[in-house]
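[1] structure here, sequence nowhere to be found:
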């Protein structure tokens, strides 16, 4: 499929699913991805409440057949213990084993030797470098061969995500990107997780609405933005790792 054809398909499907509304559009979008592409449609999961919900929805769309569902996660090497525990619980509860992708150890060693183990605190540029080595390069390997990249992104999560569409063409990775929960609220997600008994990270019960690498994530205070605990020392407009909004 050419770039022009991918862009046209994304625009067509986006209009179709957005017209169905929040709930029906979500299920129709996931059913389309799973039935049309199978394992060529891959969910990049950070094991968030949203990603766990999408994993559950994908398994429903596949009729419980995990052989046609592909979920992967990126292990940066700086994760919380609770995140590793959740990978195992996800397999047992949802019936799908997330593929784990790791950063290139040589690139990590070189970066740390030159800039230090906690370089991300020193500047936005060095934090972006760390995210690039630990996340973006492994993501490109994980997406190799995929035709649809599925995420758990929602518009209301961050000021950097308000312009996203349910189906869009990602030029950086030359792939159709599906954001099925785009229009969901935080309350929608929490209710779905509760009603379906979906396993989630225990840190969510300790004030961590958004969970990334351990040194770059803190609990949020009452009234703070959902992503206020991610790279909290930076301006909100720069608080993306580059996976979804290129720095």
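    In hand now; what should we look at? A quick note: this is a predicted structure, and the numbers were derived from the prediction, not measured. Residues are numbered from 1 along each chain as shown.
[2] which residues sit in contact with residue 119?
    111, 112, 126, 127, 129, 130 (Cβ atoms under 8 Å, 6 or more residues apart in numbering). The C-beta positions use only the backbone N, C-alpha and C, and glycine is treated the same way.
[3] also residue 134?
    Applying Cβ under 8 Å, 6+ apart to residue 134 gives the contacts 74, 76, 77, 78, 103, 108, 213.
[4] which one of these has the most neighbours?
    Neighbour counts for the contacts of residue 134, by other Cβ atoms under 10 Å, peak at residue 74, which reaches 25 neighbours.
[5] quick revisit: which of the contacts of residue 119 fall in strands?
    Of those, none are assigned to strands by DSSP state E.
[6] what are the ranges of the strands in the chain?
    41-44, 70-74, 99-101, 148-150, 167-170, 175-178.
[7] what mean pLDDT does stretch 119-138 get?
    For stretch 119-138, mean pLDDT is 95.
[8] next, the buried residues of that stretch.
    By neighbour count with 16 or more other Cβ atoms under 10 Å, stretch 119-138 contains the buried residues 119-120, 126-138.
[9] do stretch 136-147 as well
    Of the residues in stretch 136-147, 136, 137, 138, 139, 142, 143, 146, 147 count as buried by neighbour count, 16+ other Cβ under 10 Å.
[10] cool, and stretch 4-23?
    6, 10, 13, 14, 17, 18.
[11] now render the residues you listed as JSON lines, adding pLDDT and distance to residue 92.
    Shown next, in JSON lines, are these (pLDDT from 0 to 100; distance: Cβ to Cβ, whole Å):
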{"residue": "6", "pLDDT": "96", "distance to residue 92": "36"}
{"residue": "10", "pLDDT": "97", "distance to residue 92": "35"}
{"residue": "13", "pLDDT": "97", "distance to residue 92": "33"}
{"residue": "14", "pLDDT": "97", "distance to residue 92": "35"}
{"residue": "17", "pLDDT": "97", "distance to residue 92": "31"}
{"residue": "18", "pLDDT": "95", "distance to residue 92": "35"}
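[12] for these, which one is nearest residue 30?
    residue 17 (9.6 Å; Cβ to Cβ).
[13] tell me the contacts of the closest one?
    Contacts were defined as Cβ under 8 Å, 6+ apart; by that measure residue 17 touches 25, 26, 28, 29, 32, 166, 167, 180.
[14] next, format the contacts of residue 134 as TSV and append distance to residue 94 and pLDDT.
    Formatted as TSV, the contacts of residue 134 follow (distance: Cβ to Cβ, whole Å; pLDDT from 0 to 100):
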residue	distance to residue 94	pLDDT
74	18	96
76	22	96
77	25	95
78	25	95
103	26	97
108	30	98
213	24	95
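[15] sort out for me which of those are in helices.
    Counting by DSSP state H, those place residue 108 in helices.
[16] how about the contacts of residue 134 in a markdown table, adding distance to residue 196?
    Formatted as a markdown table, the contacts of residue 134 follow (distance: Cβ to Cβ, whole Å):
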| residue | distance to residue 196 |
| --- | --- |
| 74 | 25 |
| 76 | 28 |
| 77 | 31 |
| 78 | 30 |
| 103 | 32 |
| 108 | 37 |
| 213 | 28 |
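[17] right, I'll leave it there.
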